[in-house]
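Visitor: give me a 3D structure for the following:
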Amino acid sequence: MNVTFDCGDSAAQAEFWSGVTRWPATYVDMPGNPFWVVAPDNEATTRLVFVQVPEPKTVKNRVHLDLLPQGGPQDEELARLQAMGATIVDDRRTASPGGWVMMADPEGNEFCLEQGE
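Guide: Next up, the predicted model:
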């Protein structure tokens, strides 16, 4: 399964999400439809795919990724993601209901950073 992102700059988006997930980014030069793949390995059943499109993002996502902090607390992961270019859209860490932070990647695609397990 692919989760596909339409992008203004597919290479930059793939680099951002590669950093977020810590998975490698691979350029696929398919004639007429080049794209980037971010996945843990070539056998992954779910991959993030980044396709260059001419139109900009204009509305809120109907589907988004929920991320769990990897190897540290939520606050550390939040700082790491912001250092990579993510922005906070809605901080719900202390809200009710809450516990998460809604964020946006450099092109405005929303995702959530959960508390973790």
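Visitor: quick check: which ranges of the chain have low pLDDT?
Guide: Scanning the chain for pLDDT under 70 picks out the ranges 117.
Visitor: switch the cut-off to 90
Guide: For the chain, applying pLDDT under 90 flags the ranges 32, 41-45, 60-62, 70-71, 95-98, 116-117.
Visitor: how about the strands in it?
Guide: In the chain, the strands defined using DSSP state E lie at 2-7, 25-28, 35-38, 47-52, 65-67, 87-92, 100-104, 110-113.
Visitor: the longest helix in this structure is where?
Guide: Secondary structure of the chain per DSSP state H: the longest helix is helix 10-21.
Visitor: packing partners of it?
Guide: When contacts are defined as 3 or more Cβ pairs under 8 Å, 6 or more residues apart in numbering; DSSP states H and E, helix 10-21 sits against strand 2-7, strand 25-28, strand 35-38, strand 47-52. C-betas here are computed from N, CA, C, even on glycine.
Visitor: just those strands: most buried one?
Guide: Greatest average neighbour count among the helices and strands packed on helix 10-21 goes to strand 35-38 (a mean of 22), per mean count of other Cβ atoms under 10 Å.
Visitor: what's the distance between that one and the middle of its chain?
Guide: 12 Å (Cα atoms, centre = their mean, to the nearest Å).
Visitor: distance of residue 69 from residue 49?
Guide: Distance check for residue 69 against residue 49: by Cβ to Cβ, to the nearest Å, it reads 24 Å.
Visitor: just residue 11 next, same as before
Guide: 13 Å.
Visitor: hang on, the earlier thing: want to throw the strands of the chain into CSV with distance to residue 19?
Guide: Shown next, in CSV, are these (distance: least, Cβ to Cβ, whole Å):
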stretch, distance to residue 19
strand 2-7, 15
strand 25-28, 9
strand 35-38, 9
strand 47-52, 12
strand 65-67, 12
strand 87-92, 15
strand 100-104, 14
strand 110-113, 13
